[in-house]
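1. Attaching a predicted model along with its sequence, questions to come.
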Amino acid sequence: MIYKTGSRNLITDIRGLRVGNAQDTALKSGSTVLLGNEPFTASVHVMGGGPGTRETDLLAPDKTVQKVDALVLSGGSAFGLDACGGVADELRKMGRGLAIGNVTVPIVPGAILFDLLNGGDKSWDVNPYPALGRAALNDAAENFALGSVGAGTGAMAARHKGGLGSASVVLPDGTTVAALVVVNALGSVTTHGDRHFWAAPFEMDSEFGGLGPDPTARYTAPDPSHKERAMGSHASIGANTTIAIIATDATLAKTQCHRLAVNAHDGMARAIVPSHTPLDGDLVFGLSTGTGAPVDHAAYAPIGAAAATCLSRAIARAIYEATPAQDDLISTYR
């Protein structure tokens with residue numbers, strides 16, 4: 001059966017979602033915000049050993065809050081978590097959030113990556129990430145750039161500059177599944193020789209070059225890490241992560257959103273070798289914009305499968321779309 005991408009091949013092919021990016025080229029870092037026109041059901045699953053997060057506990061299936069207003073992916077390590085505060089401040093001005101009495105509290109979970117040693121100027125006096133979060137929120141739109149933008153501005157994988165990626169697929173029944181990801185991984189996205197992506201078997205419409213799978217057709221370990229060589233021992237002490245959002249317009253319960261995030265991690269493992277290491281903070285948010293009756297287990301199965309392949313494709317696109325900048329420590333794929 002032949003599948004097709006959404007019209008944009010972006011996570012915003014899911015109606016009601018917008019994405020905004022803000023970055024500082026001197027800082028070599030930035031923030032990315034996913035905003036819903038309405039609050040959406042969300043959960044999360046973490047498989048890396050070194051995550052950095054905000055408000056993810058409330059996304060557990062057994063926790064009371066069911067819907068959130070926005071999700072944030074940011075550079076900056078622990079400092080970048082303050083991007084969520086900037087987003088929450090702006091949403092409060094808009095009157096968005098959970099109403100409790102006469103108070104409105106925006107619910108803005110987020111996750112960060114470590115890009116503090118990527119060659120950018122990190123000698124700030126005032127944390128720049130609240131402002132980057134606000135700017136990203138105000139930039140939110142259905143069309144947005146990929147590669148070296150937003151939270152992906154200064155990201156690096158093992159052998160190539162990382163970045164921001166996205167991809168979508170429309171299932172035969174009309175359900176759309178899509179991914180948004182920032183790749184700053186310990187592992188490599190390419191096989192030996194750096195031409196072929198691990199994710200190549202899932203590529204659609206030559207979205208990351210169309211070279212196809214590695215013709216050597218055998219297991220090949222990645223080549224030595226350029227990132228580790230450039231950063232020295234710092235690259236192996238937690239300066240890595242891949243953080244992602246997988247979304248669908250199918251109506252999923254919070255427990256199913258959690259399962260969606262779990263399924264999407266399969267796609268991360270197919271696209272990055274190795275992934276889910278003790279030195280990565282690998283994390284996936286799962287969300288649903290649907291408002292009808294939740295799908296049953298049989299109807300959910302192809303949605304979960306699509307989540308994995310979409311994330312694999314988005315990871316490869318993040319690296320493929322990265323662009324060079326002054327003082328980069330490693331080169332881009334192209």
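-> Structure received. Residues are numbered from 1 along each chain as shown.
2. from here on, contacts and neighbour counts on C-alpha atoms
-> Noted.
3. what mean pLDDT does stretch 112-125 have?
-> Mean pLDDT, stretch 112-125: 94.
4. ok, residues contacting it?
-> With C-alpha atoms under 8 Å, 6 or more residues apart in numbering as the contact definition, stretch 112-125 has outside contacts at 25-29, 51-53, 73-78, 80-81, 154-155, 184, 231, 238-243, 281, 327-329.
5. Of these, which belong to helices?
-> Here DSSP state H is the test, and those give Met231 as lying in helices.
6. Just the buried ones from the contacts of stretch 112-125?
-> 25, 27-29, 51-53, 73-78, 80-81, 154-155, 184, 231, 238-243, 281, 328-329 (16 or more other C-alpha atoms under 10 Å).
7. The host helix or strand of Glu228 packs against which elements?
-> Element membership of Glu228, judged by DSSP states H and E, is helix 226-231. Judged by 3 or more C-alpha pairs under 8 Å, 6 or more residues apart in numbering; DSSP states H and E, helix 226-231 is in contact with no other helix or strand.
8. Just give me how far that helix sits from the chain centre.
-> From the chain centre to the centre of helix 226-231 is a distance of 23 Å (C-alpha atoms, centre = their mean, to the nearest Å).
9. So which bits of that helix are buried?
-> 226-228, 230-231.
10. With distance to Ala145 and pLDDT added, can I get these in JSON lines?
-> As requested, those are exported to JSON lines (distance: C-alpha to C-alpha, whole Å; pLDDT from 0 to 100):
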{"residue": "His226", "distance to Ala145": "26", "pLDDT": "89"}
{"residue": "Lys227", "distance to Ala145": "24", "pLDDT": "87"}
{"residue": "Glu228", "distance to Ala145": "28", "pLDDT": "83"}
{"residue": "Ala230", "distance to Ala145": "27", "pLDDT": "84"}
{"residue": "Met231", "distance to Ala145": "27", "pLDDT": "80"}
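11. Check those and tell me the two furthest apart.
-> The most widely separated members of these are His226 and Met231, with 8.6 Å between them, by C-alpha to C-alpha.
12. For the stretch 51-200 of the chain, which segments count as helices?
-> 82-93, 129-138 (DSSP state H, counting those that start in this stretch).
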